[in-house]
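Novice: Output the structure for:
(one chain, ligands or ions: 1)
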Amino acid sequence: TFTPASRVSRIKVSPSSAASARARDLKAAGRDIVDMTVGEPDFDTPDDVKAAAHAAIDRGETKYTAVNGTPALRRAIIGDFKRRLGLDYAENEICVGGGAKQILFLALMASVENGAEVIVPAPYWVSYPDMVIANDGTPVIVECPEAQGFKLTPAALEAAITPKTLWLILNAPSNPTGAAYSRAELEALGAVLLRHPQVFVLSDDIYDQVWFRDEPMTTLAAAVPALKDRILLTNGVSKSYAMTGWRIGYAAGPAPLVAAINKLQSQMSSCPSSVSQAAAAYALSADQSFVRDSVAVYKERRDYACARLNAIPGLSCTVPDGAFYLFPNCAGVIGRRMPEGKVIETDLDFVLYLLDGVGVAALQGAAYGLSPHFRLSIATSMEAIREACDRIERAVAALR
Ligand code: PLP
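Specialist: Residues are numbered from 1 along each chain as shown. This is a model prediction of the structure:
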C-alpha cells in the first residue's frame, strides 16, 4: 500500500476548498444551499481579456515560455507596480507562476529549512501554516484580536521574532478579515523589522485592488523603502480581474530570491501557461474599468451585509477595508441552545448549525486561527447575500 511522504501527512487539505466542495455536493444532492464559502469573484473574466487570450492562440503563442514569464507579462507587472505603488523593479526581480499560491509555496521552498520560523499573524489565510510545514519550517502564529482591527502590532511582532525567524507573512487586505494597514502602521512595523535584519517579509497583496477606502492602498515596500530588498511582493490576476482559473500569479523582490524561485520552477513546471500569460499581460495593461466597476459592486454588498449582520443580536461585524470577505464575531451565540437542544460551543458548531438548520454554507473562524468568528464571502450575488442574511437572522432568532 502507498504511504505518503511525511511532508504530505503533516499538512491538511485546504479547509476552504473542502467546505466549498461540501456546499457543492449538498446542492447537487438537491439541498437548498446558499453558498457563502467561495473565494473567487462571481464575475466572469472580462471579454477583452478573453479576446487577448484568443489572439495569443491565433498568433501561435502556445509553446513553453521563459521560466520567469514572457517579456510582455514581465513588463506589464513592472508597469503595474510602478503605476499603482510607485515601486521600481528590474526584470530580474520578477517571477511568474501558476497562481500567487504557487509563488508563495516556491518562495518558502526556496528559503525555508531546518525548522526556520515563519511568523503568521492570525487570522490567516488557511494555506500559510501548511505551506510552511510542508517546507520543513515552523509557523509561529501571532493572534491579532479584533480589538486591534485584526492587525499585527509592533509589540506583538517584536515579541515573536527570534534568531530563527526567517519570514513574516503580511497579507492585506486580509483573507479572511479584509483588514489593511495604514502607512503609519506599516512604518511602525517597519521600524521593528529594521532592527532585525535576518527577517524577510512575504507581502501577499493579492487583494490590493479590491479596496474600499478613499485613501489609496499602500504596501510595506512603498511605506518603508529601506525594507524593499527584504520583501517579496506577491500578487496575481485571480482576484482583481476575475481570472482564478487562468492560474497566473507573480512576485517582485530581491534578485537572488527570485533566481532561486525561478530555478525551482524550471524543474517543477518550466513556466505557467503561455495563453494565460498573454491574457494576464493584457489585463494588467489595458483599461482598468473592470476593476473599478467590480469593486463598486463588492462595496455595495459589503455595506449591505455588514449592516444586516450588525443588526442581529449576538453577532457583530467589523467593516473590512478591502477583499471580498466578512469575518463576523459570533461570541454572542456561543453557549446558546439550538432548537433541538444541543449547545453551540464553538464557531464550528455555529457554522454546522447554519448549514444544517438554514442551508447557509460558511467557514468557521477556527480554520483561520481566530475564534469565535465565521467567514462569509460576498463574492456572490446580492440576492444570495440577502437570502443568507435572512436565513442567519432566522437561525440566530431560533436559539434559546
Ligand atoms: N493569497 C490569499 C490571501 C488568497 O486568499 C489567495 C486565494 O484564495 C491566494 C493568495 C492565491 O491566489 P492565486 O493562487 O489564485 O493567485
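Novice: Got the domain ranges for this protein?
Specialist: 6-44+290-397, 63-285 (automatic domain parsing).
Novice: residues in the stretch 101-250 of the chain within reach of the ligand, list them.
Specialist: By Cβ under 6 Å from any ligand atom, the residues of the stretch 101-250 of the chain that approach the ligand are 101, 125, 171, 175, 204, 206, 236, 238, 244, 249. For the C-beta atoms, the positions are set from N, CA and C on the backbone; glycine is no exception.
Novice: what's the most distant pair in these?
Specialist: Farthest apart among those by Cβ to Cβ are 171 and 244. That separation is 16.9 Å.
Novice: who's more crowded, the two?
Specialist: Neighbour count, other Cβ atoms under 10 Å: between residue 171 and residue 244, residue 171 has more, with 25 against 17.
Novice: Not counting residues beside it along the chain, what's closest to that one?
Specialist: residue 204 (4.1 Å; Cβ to Cβ, 6 or more residues apart in numbering).
Novice: In contact with that neighbour, which residues?
Specialist: 100, 104, 125, 169-171, 234 (Cβ atoms under 8 Å, 6 or more residues apart in numbering).
Novice: Residue 331 now?
Specialist: residue 372.
Novice: Number of residues surrounding residue 310?
Specialist: By other Cβ under 10 Å, the residues close to residue 310 number 13.
Novice: Repeat that for residue 336.
Specialist: 15.
Novice: Not counting residues beside it along the chain, what's closest to it?
Specialist: Leaving out its chain neighbours, the residue that sits closest to residue 336 by Cβ to Cβ, 6+ apart is residue 399, at 4.1 Å.
Novice: wait, isn't the one you found in contact with residue 315?
Specialist: No. Taking Cβ atoms under 8 Å as the definition, residue 399 is not a contact partner of residue 315, at 11.1 Å.
Novice: Quickly list what's touching both of these two.
Specialist: Common neighbours of residue 399 and residue 315 (criterion: Cβ under 8 Å, 6+ apart): residue 333.
Novice: What helix or strand is residue 105 located in?
Specialist: Here residue 105 sits within helix 100-109, counting by DSSP states H and E.
Novice: can you list contacts of the helix or strand of the chain with the lowest mean pLDDT?
Specialist: Using mean pLDDT, DSSP states H and E, the weakest-scoring helix or strand in the chain turns out to be helix 15-28, at a mean of 83. Applying Cβ under 8 Å, 6+ apart, the external contacts of helix 15-28 come out as 33, 35, 37-39, 126, 355, 359, 361-363, 367.
Novice: How about this structure: which residue is closest to the ligand?
Specialist: Relative to the ligand, the nearest point of the chain is residue 99 (2.7 Å; Cβ to the nearest ligand atom).
Novice: For the chain, which segments count as strands?
Specialist: Secondary structure of the chain (DSSP state E): strands located at 34-35, 94-97, 117-122, 138-143, 165-171, 200-204, 231-236, 249-252, 325-326, 360-361, 363-364, 374-377.
Novice: Now residue 238. Nearest residue, chain neighbours left out?
Specialist: residue 244 (4.4 Å).
Novice: close enough to count as contact, the one you found and residue 41?
Specialist: Yes. In this structure, residue 244 is within contact of residue 41 by Cβ under 8 Å, at 7.2 Å.
Novice: so what's in contact with these two at the same time?
Specialist: Residues touching both residue 244 and residue 41 by Cβ under 8 Å, 6+ apart: none at all.
Novice: quick one, longest helix in this structure?
Specialist: If each helix of the chain is counted by residues according to DSSP state H, the longest one is helix 289-310.
Novice: And that one, what's buried?
Specialist: Going by neighbour count (16 or more other Cβ atoms under 10 Å), the buried part of helix 289-310 is 290-291, 294-295, 297-299, 301-302, 305-306, 308-309.
Novice: Could you do stretch 231-250 as well?
Specialist: In terms of neighbour count (16+ other Cβ under 10 Å), stretch 231-250 has its buried residues at 231-244, 246-250.
Novice: Do me a favour and average the pLDDT over it.
Specialist: Average pLDDT, stretch 231-250: 98.
Novice: What's the end-to-end length of that stretch?
Specialist: Its start and end residues considered, stretch 231-250 measures 13 Å (Cα to Cα, to the nearest Å).
Novice: likewise stretch 28-39?
Specialist: End to end - Cα to Cα - stretch 28-39 spans 19 Å.
Novice: Could you give the number of residues near the residue nearest to residue 363 when sequence neighbours are not counted?
Specialist: Using Cβ to Cβ, 6+ apart and skipping residues adjacent in sequence, the residue nearest residue 363 is residue 375, 4.4 Å away. Residue 375 has 26 neighbours, counted by other Cβ under 10 Å.
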